[in-house]
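need coordinates for the following:
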Amino acid sequence: RPRLWIGVAFVATRLLFLFLIVGALGHVSLDLSTYFEAQGSAILRGDLPYRDFDCSYGPLVPYLMALPASLGSGVMPYFVFFVLADLGVIVTLLAAARDIGRATTVRAAWLYAVAPITWYFLVRYGQDEALAAFFLTAAWLCFRRGRETAAALVLALGFAATKFTFGIFLPPFFFAARHRLRFGSSLALFLGFLFLPFLIAGIPVWAP
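Below is the predicted model of the structure:
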């Protein structure tokens, strides 16, 4: 039962390790408390990213961080938020079974679940790469199913809601698209829609 073992690996490396590192030992990375917790709290106060506080991420990141910030004080809601995104990656990989075969997707989900780099940095350092991974795998699944416009939307969200380095994933999708002009236009349109309100308001998203 490979899915059962994937679940066991997820519980052991995300939940139990999280309880040990953060709950029992109290280890919290500086990044999580300095950036994510501070940005989420700033949004709840009515502050604007780039203008009222420093932000080195996409313009939607602080607003996403406001979700766990609204659940209470402390860093645990942020860890839960990222762990849920990480679970979404595994679910998305397994959902691709009918597209590329059950054995392939189970193997990919297993490797993702047990690879130390995916769970150690997620739990020990509270990094947002799990969020980027979720947008990337979701876009990939849409792309595999021929829904290139939907993939462009997810990629645009990933660019605006994670680190700007997410942009390195955009060219491979563009060159693999069956209709590059349509895909590129859709991607540009969605990016413009997400960034335009900030630009109109004069918020300097170009200077993170």
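
list the buried residues of the helix or strand hosting Phe175.
If you go by DSSP states H and E, Phe175 is part of helix 170-176. For helix 170-176, the neighbour count (16 or more other Cβ atoms under 10 Å) marks Leu170, Phe173 as buried. All C-beta atoms are positioned from the backbone trio N, CA, C, and that covers glycine.

contacting residues around Leu199?
By Cβ atoms under 8 Å, 6 or more residues apart in numbering, the contact list for Leu199 reads Val205.

how about the helices in this protein?
For the chain, the helices defined by DSSP state H occupy 2-10, 17-18, 30-31, 38-44, 61-69, 76-95, 97-100, 102-114, 116-124, 129-144, 148-160, 170-176, 180-200.

which stretch in those has the least confidence?
Mean pLDDT is lowest for helix 30-31 among these, at a mean of 78.

quick one: that one to chain centroid distance?
17 Å (Cα atoms, centre = their mean, to the nearest Å).

what do you get for stretch 147-155?
15 Å.

over to stretch 62-75?
Computed by Cα atoms, centre = their mean, the separation of stretch 62-75 from the middle of its chain amounts to 15 Å.

and the nearest residue to Leu18 once chain neighbours are set aside, what does it touch?
Distances taken as Cβ to Cβ, 6 or more residues apart in numbering place Val123 nearest to Leu18, at 4.9 Å, with adjacent residues excluded. When the contact criterion is Cβ under 8 Å, 6+ apart, the partners of Val123 are Thr13, Arg14, Phe17, Leu18, Ile21, Val22, Phe79, Val83.

turn those residues into CSV, including distance to Phe183 and neighbour count.
Formatted as CSV, the contacts of Val123 follow (distance: Cβ to Cβ, whole Å; neighbours: other Cβ atoms under 10 Å):
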residue, distance to Phe183, neighbour count
Thr13, 36, 20
Arg14, 34, 23
Phe17, 39, 16
Leu18, 38, 21
Ile21, 41, 19
Val22, 41, 20
Phe79, 35, 22
Val83, 32, 19
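
got these as TSV, with distance to Gly72 columns?
Shown next, in TSV, are those (distance: Cβ to Cβ, whole Å):
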residue	distance to Gly72
Thr13	25
Arg14	20
Phe17	22
Leu18	17
Ile21	20
Val22	15
Phe79	13
Val83	16
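
who touches stretch 107-120?
Stretch 107-120 is contacted from outside by 2, 5-6, 9-10, 13-14, 17, 86, 89-90, 93-94, 129-130, 133, using Cβ under 8 Å, 6+ apart.
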